[in-house]
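1. Just a sequence and a predicted model for now, questions to come.
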Amino acid sequence: MTIFVDMDDVLAETYEKHIELYNLEHKQQLNISQITSGEVWHNVPEDHQLSIKDHAYQKGFFRDLKPKRDCIQVMEALYAKHEVYIATAATQFPDSLKEKSDWIDEYMPFITWQHRIMCGHKFILKGDLLIDDRTYNLEKFDGDTLLFNSPHNVGDTGYTRVNNWLEIAERFL
Ligand SMILES: [Mg+2]
């Protein structure tokens, strides 16, 4: 199978980083367990929302994200068995392109540069499966899709959903 895997909120944990920065910026004690739906900025007072929306423009934001639980081991096994590509929208935040490449070098060095697609739209990709947390990427993809669970997509219906990387391993390894 040719499998495309998104980065943000599929491989890399953005909520924790947003919350860490938000707590520093506004002297708050927001905890990830308090966010059960929506984007992080939906979960803070209105006059704090802009600063969260600004995080993705800060240098280092995408480089400092933690890998999601179990994703490194499962990706390595998937990579050995299938034709796996990371497909990540990097052109929205141009600094993120280098940072994402450095992140992959650190956590998933087995993924060669030919298997790193730093892109805009994903519906132009041709393959069997796209794993992504955004329905706007999945809805136009011409292949099977898996919606990776995230607080911002809890209300989205009509997609096959996975909650974690062990569920992906069960399906494809
Ligand atoms: Mg994503």
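-> Received the coordinates, thanks.

2. From here on, just use CA atoms for contacts and neighbour counts.
-> Noted.

3. Give me the nearest residue to Phe140, chain neighbours excluded.
-> For the record, residue 140 is Lys, not Phe. Phe123 (5.5 Å; Cα to Cα, 6 or more residues apart in numbering).

4. Tally up the residues packed near the one you found, please.
-> Using other Cα atoms under 10 Å, Phe123 is surrounded by 15 other residues.

5. Now do the same contact list for it.
-> Residues near Phe123 by Cα atoms under 8 Å, 6 or more residues apart in numbering: 137-138, 140-142.

6. Which members of those residues are classed as buried?
-> Listed as buried from those are 137-138, 141-142; burial here means 16 or more other Cα atoms under 10 Å.

7. Intersect those residues with the contacts of the ion.
-> Contacts with the ion are made by none of the buried ones among the contacts of Phe123, judged by Cα under 5 Å from the ion.

8. Looking at those, which is nearest the ion?
-> Closest approach between those and the ion, by Cα to the ion: Asn137, at 8.9 Å.

9. how distant is the helix or strand hosting the closest one from the center of its chain?
-> Asn137 belongs to helix 135-138 when assigned by DSSP states H and E. Mean C-alpha position of helix 135-138 versus that of the full chain (Cα atoms, centre = their mean, to the nearest Å) differs by 12 Å.

10. Show me what that helix is packed against.
-> strand 129-132, strand 144-148 (3 or more Cα pairs under 8 Å, 6 or more residues apart in numbering; DSSP states H and E).

11. and of those, who's closest to the ion?
-> Evaluated over these, closeness to the ion peaks at strand 129-132, with 5.6 Å, by Cα to the ion.

12. now check that closest one, is it near the ion?
-> No - judged by Cα under 5 Å from the ion, strand 129-132 and the ion are separated, with a smallest distance of 5.6 Å.

13. Wait, Tyr15 touches Gly38, no?
-> No - between Tyr15 and Gly38 there is no contact under Cα atoms under 8 Å: 10.7 Å.

14. which one is Ile117 nearest to, not counting chain neighbours?
-> That would be Ala87: by Cα to Cα, 6+ apart, it lies 4.7 Å from Ile117.

15. Same check on Ser51?
-> Among residues not flanking Ser51 along the chain, Tyr22 sits closest, at 7.6 Å (Cα to Cα, 6+ apart).

16. Rounded mean pLDDT for the helix holding Asn137, please.
-> Helix 135-138 carries an average pLDDT of 98.

17. Which residue ranges of the chain form helices?
-> 14-26, 49-53, 71-81, 95-107, 135-138, 165-172 (DSSP state H).

18. For the ion, what's its nearest residue on this protein.
-> Closest contact between the chain and the ion, by Cα to the ion, is at Asp8 (3.9 Å).

19. So that residue is in contact with Tyr15, correct?
-> No - counting by Cα under 8 Å, Asp8 stays clear of Tyr15, with 9.5 Å between them.
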